[in-house]
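*Asks:* Okay, sequence plus prediction incoming.
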Amino acid sequence: MKTTQVTKTLRTPGGLSVRLDIRSAVVVAVLLVAALATSVVLIGTGDFEIPAVDVLRTLAGHGNAGQEFIVNELRLPRALVGLLVGGALGLSGALFQAVSRNPLGSPDVLGLGQGSTAGALVMIVIFGGSATQVALGALVGGTVTGVAIYLLAWKRGVHGYRLVLVGIGVAAFVTAVNGYLLTKADFVDAARATVWMTGSLGGRGWDQVWPLLLLFAVVVPVVGACARPLRMLEMGDDAAGGLGVRVERVRMLLLVSSVGLTAAATAAAGPVAFVALTAPQIARRLTKSPGPNLLAATCMGATLLLAADLASQRAFGADQLPVGAVTGVVGGLYLLWLLVTERKAGRI
Amino acid sequence: MPRAAGLVVSGLVLVAVAVASIALGARPLALDQVWHGLFHDTGRYADVVVGERVSRTVLGMVAGLALGLAGAVLQALTRNPLADPGILGINMGASAAVVTAISFFGVTSFSGYVWFAFIGSAAVGVLVHALGGSRSATPVRLALAGTAVTAALSGYLYAVMIGDDVALNRMRFWQVGSLASARTDTIQQVLPFVVVGALLALGLARPLNAMAMGDDTARALGAHLGRTRALGMAAATVLCGAATAACGPIVFIGLMVPHIVRSFTSPDMRWILPYAAVLSPVLLLGADVVGRLVARPAELQVGIVTAVIGAPVFIFLVRRRRPAQL
């Protein structure tokens, strides 16, 4: 594999310097613009169509009363939830894949999504709970599963290999419990559970936005501080330890962040499938940069989720098909396309 | 030869579990009743029960063997301990085909699903192999291609289930994996495929051993990488396709058994494959018996029991020792 990488170093007169990978920076910028543009189109899409210009005007505070209600109260928070959930899943997937050193080591493979689902299913099937209770159940389920995986994988440290295998074991266990709950549910609950399990933005509002924003405010600085040690961790525990990285502490901080992101995203929108798995892979192939590509994966996740939601709204009508059914198709086909073109170019 | 002795012991355990599977259930039978039903069938009630349970036991053995071998081959082929029929999209191919059969062709019986599930998994197996780059496939690319196909198909599966109440209601029972639908004709449908797949898998032991050392070393040792990958994918697809068609997706066996086996054999595929072929049915049948006993007179689906029992065992093994490298 040959990668040509253009790296510039920016220096300040004070002696501080930062390496800047131009291709990565461009990819991040383009993805960010794409995500925001998609949100604007998405806000204009629905039973009541609003042209993009009017959406922008309304967002700036110059719309008429009807548009203001639809945009600010209904569709803006929904798009924001999409952005935040997609970003959270993309970031958490990139963290997991970096820590486990496995392209398949994503939160959905390791059972976090299933853990959240178990919490939500218990609320739906056994208690017939409200939407808020279901979200709370998902949050608790995801967090408990994350903690369980970490503790079960702990043995004088958490090795990437063991973490993945233990995660798979836990995932299988929880999936079985979920399957059992579904077979025991009456039909109405089973249908409700299936919609939730697909992952949907339908009916999401400001109540979901604030907790997610708060979480990002806490997690992003933590991850930012760990980004450099994480790059060193990719050289192996021993090399990283030799370079002065406190391997176990960094790994724990990153895993906690990743679990928090996944659990919160799943509580907000349900276990939207494959964003966490495909977004980092796609991001990595776009930037052609080694390393975890955290920022690019975050932006890719957000873009992917919103593009999938837009595709679903346009093709099937407002809130007919949950976004989770489309993220799989969009993300999966895009990943396939990338794999095929990369092979043709002989890059893999 | 302790490993050969171990294999014989495993075989005896399999026989014991098979007898238990015939004797135990909602209505337990004494051993002489089992004997009578097996060899002097006179149509008594107990004999009918034995007949029913025999087909269930045989299906469990066939499916278990298929899943275990497929898992061992896939893990060696992709050099990834996470590889299982789920990762390569084979289960999802079967699920998507079954949901299509229910929703668009109005198929209602488990035995009607068999061909759909089989064609679905075979189609996905071929597709993943082609997308992974067929002759030049690398382990990571195979796994990623499988994941991508799974992702795309799962969207289709959910979309159909949400739009079609009947399909949702049937799929939620098919998806957990069960031996309860075992009938003689189901077994006859899948058995030839399992036999062919098993022979193919066992014949690949040597080249798979070479491939475990990395592509370059394997080539230097004279292994044909492209041919081994193609044959290995074919064997795994036929095996899991047949098992999934007959029982629904039972994911954990193919994943777990090779890991358990590797923990006491060397990483030599010539031992791993036979052990997996004998121990996987033990696990599957054992789980089925437990599922019948814990919820009498109803039963827990075997796919649920395998995971609930298997996962803790698996985690214990992973913790106990450094997992054997592939």
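*Replies:* Looks like it came in fine.

*Asks:* Going by C-alpha atoms from here, please, whenever you check contacts or count neighbours.
*Replies:* Fine.

*Asks:* how close does the residue nearest to the spatial centre of chain B sit to B:Arg170?
*Replies:* What sits nearest the mean C-alpha location of chain B, by Cα atoms, centre = their mean, is B:Leu67, with 2.2 Å. Noted for B:Leu67: a distance of 23 Å to B:Arg170, by Cα to Cα, to the nearest Å.

*Asks:* How about stretch B:309-319, which residues are buried there?
*Replies:* B:310-312, B:314-315, B:317-319 (16 or more other Cα atoms under 10 Å in any protein chain shown).

*Asks:* Output the below-cut-off pLDDT ranges for the stretch 51-200 of chain B.
*Replies:* Applying pLDDT under 70 to the stretch 51-200 of chain B flags residues B:81-82, B:86-87, B:110, B:133-140, B:182.

*Asks:* hey, where'd the strands end up in chain A?
*Replies:* In chain A, the segments counted as strands under DSSP state E are A:7-11, A:17-21.

*Asks:* Could you dump the ones you listed into TSV and include mean pLDDT, distance to A:Arg284 and mean neighbour count?
*Replies:* Shown next, in TSV, are these (pLDDT from 0 to 100; distance: least, Cα to Cα, whole Å; neighbours: other Cα atoms under 10 Å in any protein chain shown):
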stretch	mean pLDDT	distance to A:Arg284	mean neighbour count
strand A:7-11	72	16	11
strand A:17-21	70	13	12
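
*Asks:* which stretch among those comes nearest chain B?
*Replies:* For the strands of chain A, the distance to chain B is smallest for strand A:17-21, at 25.5 Å, taking Cα to the nearest Cα.

*Asks:* next helix or strand past the longest helix anywhere in chain B?
*Replies:* Counting residues, the longest helix found in chain B (DSSP state H) is helix B:45-78. For helix B:45-78, the succeeding helix or strand toward the C-terminus, using DSSP states H and E, is helix B:90-105.

*Asks:* From the rest of the structure, what touches that following helix?
*Replies:* B:85-86, B:107-108, B:113, B:116-125, B:146, B:150, B:153-154, B:156-157, B:160-161, B:164, B:166-167, B:170-171, B:175, B:237, B:240-241, B:244-245, B:249 (Cα atoms under 8 Å, 6 or more residues apart in numbering or on different chains).

*Asks:* excluding its backbone neighbours, what's nearest residue 307?
*Replies:* Reading this off chain A. Sequence neighbours aside, A:Thr38 is the residue nearest to A:Ala307 in space, at 6.5 Å (criterion: Cα to Cα, 6 or more residues apart in numbering or on different chains).

*Asks:* hmm, I had chain B in mind actually
*Replies:* Closest to B:Ala307 by Cα to Cα, 6+ apart is A:Phe173, at 5.1 Å.

*Asks:* residues touching that neighbour, list them.
*Replies:* Here A:Phe173 is in contact with B:307-308, B:311 (criterion: Cα under 8 Å, 6+ apart).

*Asks:* Include secondary structure when you put the residues you listed into a markdown table, please.
*Replies:* Output for the contacts of A:Phe173, formatted as a markdown table (DSSP: H, G, I helix; E, B strand; the rest coil):
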| residue | secondary structure |
| --- | --- |
| B:Ala307 | helix |
| B:Val308 | helix |
| B:Ala311 | helix |
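
*Asks:* shouldn't B:Val13 be in contact with B:Val282?
*Replies:* Yes. At 7.2 Å, B:Val13 and B:Val282 qualify as touching, with contact defined as Cα atoms under 8 Å.

*Asks:* more crowded one of the two?
*Replies:* B:Val282 (24 against 15; other Cα atoms under 10 Å in any protein chain shown).

*Asks:* Tell me the buried residues in the helix or strand harbouring the more buried one?
*Replies:* For B:Val282, the host element (DSSP H and E) is helix B:269-294. Along helix B:269-294, these residues count as buried under the neighbour rule (16+ other Cα under 10 Å): B:269-293.

*Asks:* Compute the inter-axis angle for it and helix B:45-78.
*Replies:* On the basis of axes from the mean of the first three to the mean of the last three Cα atoms, to 10 degrees, helix B:269-294 is oriented at 140 degrees to helix B:45-78.

*Asks:* so what does helix B:269-294 touch, helix or strand wise?
*Replies:* helix B:2-23, helix B:45-78, helix B:184-203, helix B:205-211, helix B:252-262, helix B:302-320 (3 or more Cα pairs under 8 Å, 6 or more residues apart in numbering or on different chains; DSSP states H and E).
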